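Asker: With the sequence up front, the predicted model follows.
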Amino acid sequence: MINNQNKIAVVFGVRNESSIAFQVVLKLHASGCRVAISYTAETKEEVLTLLDAHQIDGIHHQVDVRNELEIKSFLNQVYEQWGAIDYILHGVAYGNQLVMCNSFPGSAEPASRYMDIPFEDLVDSFNISAYSLLRICRVAEPLLAKQASILTLTYNASQRVFPNYAGMAINKAALENIMQYLAHHFRSAEVRVNAVSAGLVMTTSAGGVNGVRKLRKIGKITAPLGNVSAADVADTALYYFSDLSKKVTGNIHFTDGGFNIMGVAIDEA
């Protein structure tokens, strides 16, 4: 078991029990970490109920990652009450159906064309899903412990075409580039910055995308090790949130059962 006694972690992106970020919280908590968690106005009630059910005490704060002052208030509270921050998870992403070129369940609007992605919607999605990593790191920089670890969550659509992901793929490609430049930026502070490229996990967000179950079925057969769960991704995150990864930075770590290595889909035959 990884021992994170006396370590301090901050997790952005917990929505509910199915979210990858919450599974990371559980792993960090079990390893001995003190975990501070952000939520949004929309998720506050569910997140606080969830934390209470799992008896996870700590600092909980409402944060809009588009708002630098809210991030600063949250991280300063963690620093002032607990001390320097060892680990940060950036597990935040958002894109509406115009960005994803998909028709969400319950929507009467048809899926839009990639060519017609509205600029304003894409920019807001980019702000939340990609630029927020840079914003969080800018605020966190003076508050980080020596050899701290920062981790973000990405997806293989940054490098390959997944039509129902569309504009969000732009955000993931940008996120990966931001991560790598941050890894260079933090070199003198020995702070490492990495990304986990997770396989398609059935989170609440994923469940609202048409075609996701078909992709899961393809992944189950095509990936050498089959589909992954949120807990599998959290296991990888715990490696980065430990001294085991102290010499790893700027890395995109695939936790997708090997789906990323395949050039063609495999059928059941």
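Answerer: Cool, the structure landed.

Asker: Tell me which stretches of the stretch 1-150 of the chain form strands.
Answerer: 8-12, 34-39, 60-62, 85-90, 144-154 (DSSP state E, counting those that start in this stretch).

Asker: swap that for the stretch 151-269 of the chain, please
Answerer: Remark: strands assigned in the stretch 151-269 of the chain by DSSP E, counting those that start in this stretch are 192-198, 252-255.

Asker: which of those is buried the deepest?
Answerer: Most buried of these by mean neighbour count (mean count of other C-beta atoms under 10 Å) is strand 192-198; its value is a mean of 25. Where you see a C-beta, it was placed from the backbone N, CA and C, and this is true even at glycine.

Asker: Partner strands of that one, with direction?
Answerer: If you go by DSSP bridges, strand 192-198 pairs up with strand 144-154 (parallel), strand 252-255 (parallel).

Asker: Which one of those strands lies nearest to S188?
Answerer: Closest to S188 of the strands paired with strand 192-198 is strand 144-154 (C-beta to C-beta; 11.2 Å).

Asker: Buried residues, that closest one. List them.
Answerer: Neighbour counts over strand 144-154 (16 or more other C-beta atoms under 10 Å) mark 144-145, 148-154 as buried.

Asker: With stretch 164-183 instead?
Answerer: So stretch 164-183, judged by 16+ other C-beta under 10 Å, has buried residues 164-176, 178-180, 182-183.

Asker: With stretch 233-244 instead?
Answerer: Under the neighbour-count criterion of 16+ other C-beta under 10 Å, stretch 233-244 has 233-234, 236-242 buried.

Asker: Mind checking the pLDDT average for that stretch?
Answerer: Stretch 233-244 carries an average pLDDT of 98.

Asker: Give me the residues contacting that stretch.
Answerer: 2, 4, 7, 9, 20, 23-24, 26-28, 31, 33, 86-87, 89, 147, 149, 151, 153, 192, 194, 196, 198-199, 201, 245, 248, 253, 255 (C-beta atoms under 8 Å, 6 or more residues apart in numbering).
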